[in-house]
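# Predicted model and sequence follow; I will ask about them next.
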Amino acid sequence: MNTIFDIKENEIVFIYNSDRFRDREARGYMKSVEDYKVREIDISKDQVTETQLMDISDRLEISPAQLLDTHSDEYVNAYGDADLEKEDIIKSIRQKPALLNTPIALYRHKAYFVQTPYDLVRKGLTDKGIDPEER
């Protein structure tokens, strides 16, 4: 897989929004993972490019529309029931990062949404690192 994120063998990229409690809670758990460096991208402070957003979408194996947090106030207020085109979605998320459904964990060639800190356990992350079956 050709990706824009240069993720090392022992690294996890954690994309989150520090303005959201659930994201901060998942971040706390992620920071406890041993043997792996966690590179954080806080979308409330760090710019995410359109290319990075497309890479995230590809890694998740979803359409860009599925990157949108359609339940967020930002989305409801700005778009409601609008049907956005792929390019419009990516540009909208870049311009208004709070539209991105977070948190997201990127590990090697995989990515997944983290709905709860327990999701990190179910995906093979433990406080001792990555489950050996995932290596």
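Great, that's in hand. Numbers count the residues shown, from 1 in each chain.

# phi, psi of the closest residue to Asn10 other than its chain neighbours?
The shortest distance from Asn10 to any non-neighbouring residue, by CB to CB, 6 or more residues apart in numbering, is to Tyr36 (5.2 Å). Bear in mind the C-beta positions are built from the backbone N, C-alpha and C, glycine included. Per-residue torsions, Tyr36: phi -130, psi 140 (degrees, to the nearest 10).

# likewise Arg39?
Torsion angles, degrees, to the nearest 10, at Arg39: phi -100, psi 120.

# Show me what it is bridged to.
Beta-bridge partners recorded for Arg39 (DSSP bridges): Val13.

# cool, and Ile104?
Applying DSSP bridges, one finds that Ile104 bridges with Ile15, Phe113.

# What is the neighbour count of Asp19?
Neighbour count for Asp19, taken as other CB atoms under 10 Å: 14.

# helix, strand or coil for it?
coil (DSSP: H, G, I helix; E, B strand; the rest coil).

# sec struct for the residue nearest to it when sequence neighbours are not counted, please.
Closest residue to Asp19 apart from its sequence neighbours, by CB to CB, 6+ apart: Ser44 at 4.8 Å. Classification of Ser44 using three-state DSSP returns coil.

# Next, the contact list for Ser44, please.
If you count contacts by CB atoms under 8 Å, 6 or more residues apart in numbering, Ser44 has them with 17-19, 97-98.

# what are the phi and psi angles of the closest residue in space to Lys37 that isn't next to it in sequence?
Distances taken as CB to CB, 6+ apart place Glu11 nearest to Lys37, at 4.8 Å, with adjacent residues excluded. Phi and psi for Glu11, reported as degrees, to the nearest 10, are phi -130, psi 150.
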